[in-house]
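# Sharing a model prediction with you, sequence too.
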Amino acid sequence: MDATQFTTPMTPCGNPLPELEVPMVNTMARCLGSQNRKLDRLIMQLAFAATRLAGDPEAVTANQRAVEVWDEIRRDLWSHLQTEDELVLSWGEAHHAISGGLLDTLKSERQEIRELVAALSASSSSQDRELQTAEDRSAFAQALLALTRTLDSHVERYLPSILRAVSHKGASRG
């Protein structure tokens with residue numbers, strides 16, 4: 001007698017977990033969606049502040065506002081990226097819910113975000129913003145604008161694709 005073989009989705013521990021997987025995916029999607037809305041608002045504020053600062057590097061209030069918004073984004077951004085890395089991207093890759101091309105693009109984009117954030121963090125921690133020259137503030141504004149372009153692309157173009165793929169894959173497994 002031949003035994004028919006079939007496979008069920010297995011967790012790393014070797015046990016099926018389909019009834020918990022769909023709620024987990026839905027929770028991830030809701031969480032990231034909420035974070036995306038907040039990031040979207042902050043990105044817009046940062047773009048505005050950085051544009052004002054780039055237009056007038058001598059303006060102390062424009063510099064202060066850019067620093068305030070940057071600090072708020074920086075606090076939220078690392079946890080957001082970590083959530084994406086550890087939950088969405090790793091799950092999406094393991095379950096083939098996200099295409100290889102999209103994963104490659106995301107990894108490249110995320111590396112660019114990390115490099116921009118590291119450069120901005122290094123410059124903001126190495127000196128007091130009030131004592132910087134107009135040239136320093138102009139360079140800071142340009143770096144902020146580069147970051148806002150990358151973050152805006154990430155939030156507007158790629159994250160909806162990821163969330164759709166993950167939600168679709170999660171729903172089809174339930």
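On my side now, so go ahead.
# From residue 42, how far out is residue 160?
As judged by C-beta to C-beta, to the nearest Å, residue 160 and residue 42 stand 18 Å apart. C-beta coordinates here come from the backbone N, C-alpha and C atoms, glycine included.
# Between these two, which is the more surrounded one?
residue 42 (21 against 12; other C-beta atoms under 10 Å).
# what about the more buried one, which helix or strand?
helix 18-55 (DSSP states H and E).
# Name the next helix or strand downstream of that helix, please.
helix 60-83.
# Can you name the residues in contact with that following helix?
With C-beta atoms under 8 Å, 6 or more residues apart in numbering as the test, helix 60-83 has contacts from 28, 31-32, 35, 38-39, 42-43, 45-46, 49-50, 52-53, 55-57, 110, 113-114, 117, 120-121, 124, 129-130, 132, 137, 140-141, 144, 151.
# Please point out which parts of that helix sit buried.
By neighbour count on 16 or more other C-beta atoms under 10 Å, the buried set for helix 60-83 is 62-63, 65-67, 69-70, 73, 77, 80-81.
# quick one: contacts for residue 53?
59, 62-63, 65-66, 137-138, 140-141, 144.
# Looking at those, which one is closest to residue 100?
When those are compared for distance to residue 100 (C-beta to C-beta), residue 144 wins out at 31.9 Å.
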